[in-house]
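[1] Quick check, what structure comes out for this input:
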Amino acid sequence: MNSVANLFSRVLTLGTILISAIALIGSLIGFFAFGSRGVLSALIGAGMAAIFVSLTAGSVWIGSKLSLAGFFGVVLGGWLVKLLSFLVLVVLLRKNSDIVGGVIFFTLVAAVLGSLAVDAWVFTRSRIPLISSD
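    Numbers count the residues shown, from 1 in each chain. Here you go, the predicted model:
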């Protein structure tokens, strides 16, 4: 892996595979524990994680094309968007009686920890040159 674009492509690909696996496992556990409500909760949690992981990778990728101040602005803006949208989703989902909060919570935690592991693994195995010929 020798370019930033390849790095983010790999992160998004492996992250998607991981979150899909977590959605499947969470749905199975949710189904056996809570029926269809558990499946729905696991899928919502995995979907939220997929969106947030994609926003993180996308904001860092876009920011990498900008100056240092632009990079921090885009990454901080992405973080604020994720924080506000997470709070809005929690408030909206909390009112829904068909949602099992514990299933969403554990699905999100597994997806976040897994995506951090994927990010670290891909980053430590990347070979991006520090000096370009341009």
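
[2] Check the burial of residue 60 by counting its neighbours.
    18 (other CB atoms under 10 Å). Quick note: C-beta positions are derived from backbone N, CA and C, even for glycine.

[3] which element is residue 11 on?
    helix 4-34 (DSSP states H and E).

[4] The next helix or strand along the chain from that helix: which residues count as buried?
    For helix 4-34, the succeeding helix or strand toward the C-terminus, using DSSP H and E, is helix 36-63. By neighbour count on 16 or more other CB atoms under 10 Å, the buried set for helix 36-63 is 37-46, 48-50, 52-54, 56-57, 59-63.

[5] got it, and stretch 121-129?
    Buried, per 16+ other CB under 10 Å, within stretch 121-129: residue 122.

[6] what distance separates it from the middle of the whole chain?
    19 Å (CA atoms, centre = their mean, to the nearest Å).

[7] got it, and stretch 74-84?
    Counting by CA atoms, centre = their mean, stretch 74-84 comes out at 13 Å from the chain centroid.

[8] next one: stretch 70-88
    On CA atoms, centre = their mean, the centre of stretch 70-88 falls 13 Å from the chain's centre.

[9] And the residue nearest the centre of this protein?
    The centre of the chain sits closest to residue 53, judged by CA atoms, centre = their mean, with a distance of 2.1 Å.

[10] just to revisit the earlier point, now the helix holding residue 11 against helix 36-63, angle please.
    Angle between the axes of helix 4-34 and helix 36-63 is 170 degrees (criterion: axes from the mean of the first three to the mean of the last three CA atoms, to 10 degrees).
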